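1. build the 3D model from these lines:
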Amino acid sequence: MTLIQKIQTQPNLTQQDINTFIQTLINPDIDNETKAELLRDYTARPLNQTEVTYLVAAMIQTMYPVQPVYPGAMCVCGTGGDKSNSFNISTTASFIVAAAGVNVLKHGNRSITSASGSSDLLNKMGIASSQVADVETRMQETGLAFLNATDTYPVMKYIQPIRKMLEGPTIFNILGPMIHPFKLEYQVVGVYNPEFVKPMAETLYDLGRKRAIVLHGANGMDEATLSGENIIYEVNQETGITSYHLNAEDVGLTPASNETLKGGTPAENLEITLNILTGKDHSSKRDVVVLNAGIALYVAEKADSIQEGVTLAQQLIDEGKAFAQYKKTGGQVYDYIG
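-> Take a look at the predicted model:
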C-alpha cells in the first residue's frame, strides 16, 4: 500500500509512516504537485494525537537529533490560520513577558495566512532573527531572542511553497509552535481550531514541557481574546492537564469584539505595537496584549494566577519596562508613533 493510500484509508499511521511522510515533503527530488496532494490529504484526516507527537518528533529530528537547551526558556505564539487579520499580538506580548525577566525564545515565521507574520513585523522593527548557535549570547545581551522557522528549519524551504499552493491552514499550522528547536520549559500556544486544543496540550505534555497553556480564543482566534469564553488547557508536568474557560471580565478587562483587533501591513502593525508598548494605546488592542502576556507570565511562574499576570503586564507597560525591553532588543522607533 502506498503512503497516500495509507493516508486516505488508515485511521492510524505508524511512526515509520509519519517519518516517510515528512521525508517525502522535504525531498527536493519529488515534485510539488505530489507533495501538495499528500499534504492536502493528510490535513483532511481527523487529528490523531499520537500522530501529532510522531510528526513533531520527525520534524525536530530533521535538524536537531539532540535539542539544545536554554534554562527557563519560553515561547509564546499562535498557530495562525484563523483568518482574523489581527495585529501581531503574541509578538507584542513577548516584549512584555521578557521585561519581567522571562527567557523568551520566540519562534515565528513569515505569514502564510495573514498580511503580517511575526517575521514580517520584526523585519519592519529592524530586529534581526537569531541563529540557534547565537542564542546564548543574544539572551545574555537582551533576554529576548526571535528565531525564524526558515532559519531554524532550512528544510522548510521545500514545504513553504506547498503550503502556499493549498487554501487555508494545514497540519503545519499545528506543528509550527511545537517544533521549537529548543527544548522549552514553558510555552503558550494559541490554536485556531478548538478541536485541536486538547491533543496539542497532550503533545506538549508528551514533549516534557514543565508548564504550558494551549488555548483557543473566543469566536475563532488563535490568541486569547476579549470577546467571550476562551478555551484553556493547562499543562503541568507534575499534576497533568486541566481545562477551563476564561473571559476578559474574569481578570478585570473590558469585553470587546474581535473586529477591534484587526491589523494590517507590517508597518501598520508596528505602529500598533509601539503605541501599546509606549503606553499611548489604552484600547482593546492593549487589553488583548495584556491578557496574553498575563497568561504567559502565569505559565512562566512570574505570577501566581492569570489575574496577577495581567496586573503585572499592565505595570510593565506603565512603568516603561516593556518599551525599554523593545529598545534593548534592538527595536527601532519611528516618528509616526501616536
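2. what's the neighbour count on residue 243?
-> 12 (other Cβ atoms under 10 Å). Bear in mind the C-beta positions are built from the backbone N, C-alpha and C, glycine included.
3. wait, it touches residue 198, no?
-> Yes. Residue 243 is within contact range of residue 198, at 7.4 Å (criterion: Cβ atoms under 8 Å).
4. so which strand or helix has residue 146?
-> strand 144-148 (DSSP states H and E).
5. on that earlier part again, what touches both of residue 243 and residue 198?
-> residue 233 (Cβ atoms under 8 Å, 6 or more residues apart in numbering).
6. tell me the strands beside the strand holding residue 146, with direction?
-> Paired neighbours of strand 144-148 in the sheet (DSSP bridges): strand 103-108 (parallel).
7. which phi and psi does the residue nearest to the spatial centre of the chain have?
-> Among the residues of the chain, the one closest to the centroid is residue 77, at 1.9 Å (Cα atoms, centre = their mean). Residue 77 has phi and psi values of phi -160, psi 170 when expressed as degrees, to the nearest 10.
8. and if you look at residue 236?
-> Backbone geometry at residue 236, expressed as degrees, to the nearest 10, gives phi -140, psi 120.
9. one more: residue 215?
-> With angles defined as degrees, to the nearest 10, residue 215 shows backbone torsions of phi -140, psi 160.
10. what is the burial count for it?
-> 28.
11. what bridges to it?
-> With DSSP bridges as the rule, residue 215 is bridged to residue 190, residue 232.
12. what sits against it?
-> With Cβ under 8 Å, 6+ apart, residue 215 has these contacts: 188-191, 197, 223-224, 230-233, 246, 295.
13. show the end-to-end separation of stretch 76-90, please.
-> In stretch 76-90, first residue to last residue: 6 Å (Cα to Cα, to the nearest Å).
14. what residues of it count as buried?
-> Across stretch 76-90, burial judged by 16 or more other Cβ atoms under 10 Å covers 76-82, 84, 86-90.
15. of those, the lowest pLDDT goes to which?
-> Minimum pLDDT across the buried residues of stretch 76-90 is recorded for residue 82, with 73.
16. secondary structure class of it, three-state.
-> Classification of residue 82 using DSSP: H, G, I helix; E, B strand; the rest coil returns coil.
17. from residue 134, how far out is the closest residue to it other than its chain neighbours?
-> Nearest in space to residue 82, with sequence neighbours left out and distances taken as Cβ to Cβ, 6 or more residues apart in numbering, is residue 192 at 3.9 Å. According to Cβ to Cβ, to the nearest Å, residue 192 and residue 134 sit 31 Å apart.
18. circling back to that earlier point, adding distance to residue 19, write the buried residues of stretch 76-90 out as a markdown table.
-> Shown next, in a markdown table, are those (distance: Cβ to Cβ, whole Å):
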| residue | distance to residue 19 |
| --- | --- |
| 76 | 29 |
| 77 | 25 |
| 78 | 27 |
| 79 | 23 |
| 80 | 25 |
| 81 | 25 |
| 82 | 30 |
| 84 | 34 |
| 86 | 35 |
| 87 | 38 |
| 88 | 34 |
| 89 | 34 |
| 90 | 30 |
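19. my guess is residue 312 contacts residue 303. True?
-> Yes. Between residue 312 and residue 303 a contact is recorded at 5.5 Å, counting by Cβ under 8 Å.
20. what's the overlap in contacts for these two?
-> Counting by Cβ under 8 Å, 6+ apart, the common neighbours of residue 312 and residue 303 are 294, 297.
21. so who does the residue nearest to the centre of the chain touch?
-> So residue 77 contacts 90, 106, 107, 108, 118, 176, 177, 188, 189, 190 (Cβ under 8 Å, 6+ apart).
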